[in-house]
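Enquirer: structure, please.
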Amino acid sequence: MDKKQIYMDYAATAPLKKEVLDAMMPYLTENFGNASSPHAFGRAADAGVEAARKQLTDALGAHNGRVYITSGGTEADNWALKGYAHRNARKGKHIIISAVEHHAILHTAQMLEKEGFAVSFLPVDGMCMTHPEKLKELLRPDTILVSVMTANNEVGTIQPIEELAKVTHENSSAVFHTDAVQAVGNVAIDADAMGIDMLSLSAHKFYGPKGIGALYVKKGVVLDNLIDGGAQEWGHRAGTYNAASIVGMGKAIELATQNLPEHVAKVTALRDELISRVLTIKDSQLNGHPTQRLAGNANFSFAGIEGEGLLLVLDLAGIAASSGSACSSGSLEPSHVLTAMGLEPKYLHSTIRFSLGDGTTREDVEYAAEQIRIAVEKLRALSPIYN
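Expert: Take a look at the predicted model:
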């Protein structure tokens, strides 16, 4: 009999939906033209690209600006920070980011720091929540950019983005950017209504293809060009369009947002069931905000064991999970997110993230919870530090 396989790493990547693949296929075959060519083949490809751009614009409530195509969330984050900082350095050289940003923001800010920009870190509380009044304290006359992620990729806490953007605009001339890579398809977003100036996303997090993403930029926000050499993206990001993936991203965001309440309700119920079962394990704890968190995110720590060891044991049981961000997998350093939250040392290295999605079932949750219990007990029996 084949080993049971349960996927609980949707935060790392979600599987491509069949409807998305079906939408992409014509742009890999008959509509193969270069979307920048003026002939009929090019116009057919360009029509698909622009239809997808409209799907992104409508899904994000991003009508007061432009949606630029990128290769993914990391590129979008880099462009937002570097592009704005370099273009607007004459206005000031102070940037604020939250202490728990994805490395695509954190490392980019660190690079800007080396170039002479000053970077301040907005702290979080023990549930990974930022507070608008703390942001107000950090704002300075030379602050030009604030970047706070919509939802944390490790512990799932959803931030008060609308309030943070409002504080930014009322107390400074800075623009507000949010990394919404984990949030799109899981959290209702209306960029214009929420006061968001720039927003990054990545298609593979909401059941679209890998290697494609977008950056929304509000009208009046000016960035340095990302790639020179062509007229694509209004001359700001040159290069031949990956029409099939762009079309797939458009279809994916349309599907992800049209039934968002139903999706969130279903996945939240499964997540809460998993949390309830896992927290019956002695010396375990849930990390992140108990309610203001992504529907599919359940991040746990178990005293006395290593998270990487638990991952390996669960993998042998057919369960795919993560110790945190897939982009920092393999690092021996404790998570900067958990450190910023002030987790006790006994929990810092014993954390594992389960992320659920459309394909998760109640049976999956029941099986996973039991296997987690078995694995924790097994590893604790071998641990020289537990009890």
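Enquirer: domain ranges for the protein?
Expert: Domains of the chain are assigned by automatic domain parsing as 6-14+259-382, 18-258.
Enquirer: ends of the first one, how far apart?
Expert: Counting by Cα to Cα, to the nearest Å, you get 26 Å between the two ends of domain 6-14+259-382.
Enquirer: before we move on, back to that, turn the domains of the chain into CSV, including mean pLDDT.
Expert: Listed next are those as CSV, based on pLDDT from 0 to 100:
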stretch, mean pLDDT
domain 6-14+259-382, 93
domain 18-258, 97
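Enquirer: tell me which of those domains is the most buried.
Expert: Of all the domains of the chain, domain 18-258 carries the top mean neighbour count, a mean of 20, counting by mean count of other Cβ atoms under 10 Å. From N, CA and C alone the C-beta is placed, and that goes for glycine too.
Enquirer: the nearest residue in space to Thr13 that is not next to it in sequence and Thr74, how far apart?
Expert: For Thr13, ignoring the flanking residues on the chain, the nearest one in space by Cβ to Cβ, 6 or more residues apart in numbering is His204 at 4.9 Å. In this view, His204 and Thr74 are 12 Å apart by Cβ to Cβ, to the nearest Å.
Enquirer: equivalent analysis for Lys18, please.
Expert: Using Cβ to Cβ, Lys18 is found at 27 Å from Thr74.
Enquirer: please apply the same query to Ile212.
Expert: Ile212 sits 12 Å away from Thr74, going by Cβ to Cβ.
Enquirer: what do those two both touch?
Expert: Common neighbours of Ile212 and Thr74, counting by Cβ atoms under 8 Å, 6 or more residues apart in numbering, are Ser202.
Enquirer: right, and Gly239 touches Asp228 too?
Expert: No: applying Cβ atoms under 8 Å as the test, Gly239 and Asp228 come out as separate, 10.1 Å apart.
Enquirer: returning to what we had before: now for the residue nearest to Thr13: which residues touch it?
Expert: 13-14, 16, 72, 210-212.
Enquirer: can you add secondary structure and distance to Tyr27 and give those back as JSON lines?
Expert: Putting the contacts of His204 into JSON lines (DSSP: H, G, I helix; E, B strand; the rest coil; distance: Cβ to Cβ, whole Å) gives the following:
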{"residue": "Thr13", "secondary structure": "coil", "distance to Tyr27": "21"}
{"residue": "Ala14", "secondary structure": "coil", "distance to Tyr27": "21"}
{"residue": "Leu16", "secondary structure": "coil", "distance to Tyr27": "14"}
{"residue": "Gly72", "secondary structure": "coil", "distance to Tyr27": "19"}
{"residue": "Lys210", "secondary structure": "coil", "distance to Tyr27": "16"}
{"residue": "Gly211", "secondary structure": "coil", "distance to Tyr27": "14"}
{"residue": "Ile212", "secondary structure": "coil", "distance to Tyr27": "12"}
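Enquirer: show me where the stretch 151-300 of the chain has helices.
Expert: Remark: helices assigned in the stretch 151-300 of the chain by DSSP state H, counting those that start in this stretch are 161-171, 191-194, 243-258, 260-278.
Enquirer: what angle do the third one and helix 260-278 make?
Expert: Same thing as helix 243-258. With axes from the mean of the first three to the mean of the last three Cα atoms, to 10 degrees defining the directions, helix 243-258 sits at 80 degrees from helix 260-278.
Enquirer: show me what helix 243-258 is packed against.
Expert: If you count contacts as 3 or more Cβ pairs under 8 Å, 6 or more residues apart in numbering; DSSP states H and E, helix 243-258 packs onto helix 18-24, helix 40-60.
Enquirer: what comes into contact with the shortest one?
Expert: Contacts with helix 18-24, where a contact means Cβ under 8 Å, 6+ apart, come from 207-209, 244-245, 247-248, 250-252, 255.
Enquirer: can you rerun that using 7 Å?
Expert: 207-209, 244, 247-248, 251-252, 255 (Cβ atoms under 7 Å, 6 or more residues apart in numbering).
Enquirer: and these, which two are furthest apart?
Expert: Ala244 and Leu255 (16.6 Å; Cβ to Cβ).
Enquirer: what segments of the stretch 1-150 of the chain are helices?
Expert: 18-24, 40-60, 73-78, 84-87, 103-114, 132-138.
Enquirer: can I get those in CSV including distance to Lys218?
Expert: CSV is the format used below for the helices of the stretch 1-150 of the chain (distance: least, Cβ to Cβ, whole Å):
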stretch, distance to Lys218
helix 18-24, 28
helix 40-60, 11
helix 73-78, 14
helix 84-87, 11
helix 103-114, 18
helix 132-138, 19
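Enquirer: for Tyr386, find the nearest of those helices.
Expert: helix 103-114 (30.7 Å).
Enquirer: off-centre distance for the closest one?
Expert: Relative to its chain's centre, helix 103-114 lies at 17 Å (Cα atoms, centre = their mean, to the nearest Å).
Enquirer: which residues sit against it?
Expert: Contact with helix 103-114 is made by 73-74, 77-78, 81-82, 85, 95, 97, 119, 147, 179, 325, 327-328, as judged by Cβ under 7 Å, 6+ apart.
Enquirer: of the residues you listed, just say which sits nearest to Pro26.
Expert: Gly73 (26.2 Å).
Enquirer: ok, the closest one touching Leu199?
Expert: No: in this structure Gly73 lies outside contact range of Leu199 using Cβ atoms under 7 Å: 10.3 Å.
Enquirer: if I pick Gly307, what's in contact with it?
Expert: Contacts for Gly307 were tallied using Cβ under 7 Å, 6+ apart; they are 323, 349-352.
Enquirer: want to try a markdown table for the contacts of helix 18-24, with distance to Val124 as columns?
Expert: Output for these, formatted as a markdown table (distance: Cβ to Cβ, whole Å):
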| residue | distance to Val124 |
| --- | --- |
| Tyr207 | 29 |
| Gly208 | 29 |
| Pro209 | 32 |
| Ala244 | 39 |
| Val247 | 38 |
| Gly248 | 34 |
| Lys251 | 35 |
| Ala252 | 30 |
| Leu255 | 32 |
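Enquirer: quick check, nearest of those to Lys282?
Expert: Of all the contacts of helix 18-24, Lys282 sits closest to Tyr207, with 36.7 Å by Cβ to Cβ.
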